[in-house]
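J.: One predicted model, sequence on top.
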Amino acid sequence: MNRDRTAAIVKATARSWEEAKKNPEAAVDAGLKAKSDLNRQSTLDQLKVDIELLDSPNSKGRTGWGDQKDWDQTIALLKQYRDVATDQPWTAFHTNEFLPK
């Protein structure tokens, strides 16, 4: 995938999350158009929980932003509890490069 296409997808995804945060009901209704057998209330309840967990204190208000502190903590937990063996920096797993400015 080329860089322009990647940037466009990331930008559209971030924008859709921002819109879902503003109007979760409309986001669920859009999902129902694509997958009509979803349980509307269950999906809405889950989306509201997801929205609350979307940002960390380090990334608050920057949808999709990966903060080094968060990634370092995640990698440390994966090493400790999931036996992940890596010496790679957090930037080997995430980039903020394509997020809208």
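T.: Arrived safely. Residues are numbered from 1 along each chain as shown.
J.: pull the longest helix from this structure.
T.: What stands out as the longest helix in the chain, according to DSSP state H, is helix 3-22.
J.: tell me the angle the very next helix or strand once past that one makes with helix 3-22.
T.: Counting by DSSP states H and E, the element after helix 3-22 in chain order, helix or strand, is helix 24-34. Interaxial angle of helix 24-34 relative to helix 3-22 (axes from the mean of the first three to the mean of the last three C-alpha atoms, to 10 degrees): 120 degrees.
J.: hey, C-alpha coordinates of helix 24-34 in CSV?
T.: Listed next in CSV are the C-alpha coordinates belonging to helix 24-34 (Å, rounded to 0.1, in the frame of the first residue of the first chain):
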residue,chain,number,x,y,z
PRO,A,24,-22.5,6.9,19.1
GLU,A,25,-26.1,6.2,18.1
ALA,A,26,-25.5,7.3,14.5
ALA,A,27,-22.3,5.2,14.4
VAL,A,28,-24.2,2.1,15.4
ASP,A,29,-27.0,2.8,12.9
ALA,A,30,-24.3,3.0,10.2
GLY,A,31,-22.9,-0.3,11.4
LEU,A,32,-26.4,-1.8,11.2
LYS,A,33,-26.6,-0.9,7.5
ALA,A,34,-23.5,-3.0,6.9
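J.: can you pull the contacts of the residue most central in space within the chain?
T.: Against the mean C-alpha coordinate of the chain, by C-alpha atoms, centre = their mean, the closest residue is G64 at 5.1 Å. Residues near G64 by C-beta atoms under 8 Å, 6 or more residues apart in numbering: V10, T13, A14, W17, N96, L99. All C-beta atoms are positioned from the backbone trio N, CA, C, and that covers glycine.
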